[in-house]
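>>> Need coordinates for the below:
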Amino acid sequence: MSGGAPVVAAAPGRVDIIVPVCNEADCVDEFCARMARLGYLDAVLFVDNASTDGTVDRLQQYPAVRLIRHATNEGYGASIRDGMAASQAELIIIIDADLEYPPESVSAIVSALERHAVVYGSRFLGARPPDMPLLRRVGNRLISAVYNVLFRQRTTDLYTGMKGLRRAALPLSRLRQNGFEHVVELGVMVALAGEQIHDVPITYVPRSRGRSKMRHVPETIKFAAYLAGYWLRDVVWRRWGDRN
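This is a model prediction of the structure:
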């Protein structure tokens with residue numbers, strides 16, 4: 001999609017793009033350049049999770065972007081929460097800086113938010129399966145399927161690092177998880193708020209620089225445990241309480 005995606009114009013201050021970063025010095029210059037070409041650079045809000053590789057020095061060269069800095073590594077979920085707290089925009093976009101998710105897809109997410117309260121960029125709706133290891137692909141599909149059954153959703157990519165939210169649709173201040181389990185917590189919040197996740201297809205390019213921060217097998221096991229726990233607490237227990 002790089003270079004050819006149409007740009008959906010957004011009113012100033014209507015969109016904030018939250019970008020958690022940790023040691024992404026090799027990627028942030030290209031990320032900012034592509035956001036600038038799309039006209040979204042001044043909507044970007046980076047949350048740096050105690051980078052040690054010069055990421056902050058590079059970001060400080062872009063006066064158009066906003067930057068929140070964590071003195072210690074507080075986790076992916078904490079970065080997203082702090083970005084949401086600093087944002088006042090009506091529409092919130094979340095995207096990683098490592099270029100696995102193309103910045104050009106932000107326009108498709110913004111456009112879909114005109115009709116849907118929650119939009120996920122799905123790596124599994126394209127013309128071919130995403131280029132990722134089989135174990136990761138199977139784990140993602142399994143967790144997404146379990147989530148869909150337990151919480152009556154239809155998303156194809158619960159793990160996605162690219163999504164959009166309408167601020168007014170969700171009680172975002174109630175998010176608490178600090179790590180990657182934030183992904184499950186947010187998905188459960190969407191369902192309990194009575195919203196449906198709408199998927200839009202995005203391209204996916206496996207990172208060629210740096211390292212992924214997620215340890216996929218342990219995180220998949222943890223995600224399954226969190227899904228079961230939230231379901232028992234927020235669905236089964238509440239239904240039982242309503243009947244008694």
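
>>> Surely E24 forms part of a strand?
No - membership of E24 in a strand is not supported by DSSP: H, G, I helix; E, B strand; the rest coil, which gives coil.

>>> Just give me the neighbour total for it.
Neighbouring residues of E24 were enumerated by other CB atoms under 10 Å; the total is 28. Every residue, glycine included, has its C-beta placed from N, CA and C.

>>> Counting by contacts, list what the helix or strand containing Y230 packs against.
Element membership of Y230 [criterion: DSSP states H and E] is helix 216-231. Based on contacts counted as 3 or more CB pairs under 8 Å, 6 or more residues apart in numbering; DSSP states H and E, the elements that helix 216-231 packs against are helix 134-151, helix 182-192.

>>> Can you give me the neighbour number for T220?
When neighbours are counted by other CB under 10 Å, T220 registers 19.

>>> Show me which helix or strand of this structure is least confident by mean pLDDT.
Each helix and strand of the chain was given a mean pLDDT (mean pLDDT, DSSP states H and E); the minimum falls on helix 237-243 at a mean of 58.

>>> Let me see the contact set for R81.
With contacts taken as CB atoms under 8 Å, 6 or more residues apart in numbering, R81 has the following neighbours: 175, 182.

>>> separation between it and L227?
Computed with CB to CB, to the nearest Å, the distance linking R81 and L227 is 20 Å.

>>> Now do the contacts for V15.
If you count contacts by CB under 8 Å, 6+ apart, V15 has them with 40, 43, 89-93, 110.

>>> which one among those residues gets closest to M189?
When these are ranked by distance to M189 (CB to CB), I92 comes first, at 13.2 Å.

>>> Could you look up the SS state of that closest one?
Per three-state DSSP, the secondary structure class of I92 is strand.

>>> which residues does it bridge with?
I92 forms beta bridges with D16, L165, as assigned by DSSP bridges.

>>> In this structure A43 contacts V19, no?
No - using CB atoms under 8 Å, A43 makes no contact with V19, being 10.3 Å away.

>>> related to what we said a few turns ago, name the member of the contacts of V15 with the most neighbours.
When the contacts of V15 are compared by neighbour count (other CB under 10 Å), I93 ends up highest, at 28 neighbours.

>>> Name all residues that make contact with that one.
Residues in contact with I93, defined by CB under 8 Å, 6+ apart, are 15-18, 43, 106, 109-110, 162-164.

>>> One more pass at 7 Å, please.
I93 sits next to 15, 17-18, 106, 109-110, 164 when contact means CB atoms under 7 Å, 6 or more residues apart in numbering.

>>> which among these gets closest to R123?
Distance to R123 across the contacts of I93 (CB to CB) is lowest for I109, with 13.6 Å.

>>> so what's the residue nearest to M35 when sequence neighbours are not counted up against?
Sequence neighbours aside, L41 is the residue nearest to M35 in space, at 4.6 Å (criterion: CB to CB, 6 or more residues apart in numbering). With contact set as CB under 7 Å, 6+ apart, L41 has these partners: 32, 35, 64-65.

>>> Restricted to helices, list the residues you listed.
The subset of the contacts of L41 located in helices under the criterion DSSP state H comprises 32, 35.

>>> Return the member of the contacts of L41 nearest to S173.
Where the contacts of L41 are concerned, and distances follow CB to CB, S173 has its nearest neighbour in V65, at 24.0 Å.

>>> I'd guess V19 is in a helix, am I close?
No - for V19, which was evaluated using three-state DSSP, the result is strand, with no helix membership.

>>> Let me see the contact set for it.
Residues in contact with V19 (CB under 7 Å, 6+ apart) are 44-46, 95, 97.

>>> Let's see that with 10 Å instead.
Listed by CB atoms under 10 Å, 6 or more residues apart in numbering, the contact set of V19 reads 28, 31-32, 35, 44-48, 59, 65, 67, 79-80, 83, 93-98, 103.
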